[in-house]
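Novice: 3D, please:
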Amino acid sequence: MTKEKEHKDEWDIAEKPYESGADETSEMDKEELEEIADEKEVLDAIRKYTDEEDSGIGKVTLSSIFGGDILQSKFVRKQVMWFLLVALLMVVYTANRYQSQQEIITIDSLKNELQGVKYNVLTQSSELMNMSRQSHVEHYLKQSNDSELSEPTTPPYLIRINPDDNVQ
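Specialist: Presented below is the predicted three-dimensional model:
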């Protein structure tokens, strides 16, 4: 016979201590009955938190959630790895989102910088084209007296390599 069955018989006796009369005592005295009742309470409390036949979460109350009693239920103990996986995936998702937001911010700042550089290059290119036009070069040469360059008055000559070629 298991210890639990022995205690069950004793509990039945503890629940009905004095059936025969007011002053009569049964085989066990009052102290033994109190010890059995205390053991019953302790075993009931242990069974409540370690009940292997319990398939669900049990009674869910606000005090059991805040008190942490719900964490001792069989359902939660079975699903601990699942909860850890979900928590890990949430952390990875959050980290990935944060990283992508940081990369988007970097890409936007680089786009703005690239556009500014393009505008500067375009401005410098147009200034160089303006400064290298023939009229601008002539004007610059007229202003500086140290240059001996001037506009040609005769048309350019064609240099022929072979006298037989009629190139014009």
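
Novice: So which other helices or strands are in contact with the helix or strand hosting Tyr119?
Specialist: Per DSSP states H and E, Tyr119 falls inside helix 80-131. Applying 3 or more Cβ pairs under 8 Å, 6 or more residues apart in numbering; DSSP states H and E, one finds that helix 80-131 contacts no other helix or strand. (Glycine included, C-beta is placed from N, CA and C.)

Novice: Residue ranges of each domain in this structure, please.
Specialist: 3-78, 80-143 (automatic domain parsing).

Novice: tell me the mean pLDDT over the shortest one?
Specialist: Put plainly, it is domain 80-143. Average pLDDT, domain 80-143: 94.

Novice: show me the contacts for the residue most central in space within the chain.
Specialist: Using Cα atoms, centre = their mean, the residue of the chain that lies closest to the mean C-alpha position is Thr94, 1.4 Å off. By Cβ atoms under 8 Å, 6 or more residues apart in numbering, Thr94 lies in contact with nothing.

Novice: State the distance from it to Ile105.
Specialist: Plainly put, Thr94 is 17 Å away from Ile105 if you go by Cβ to Cβ, to the nearest Å.
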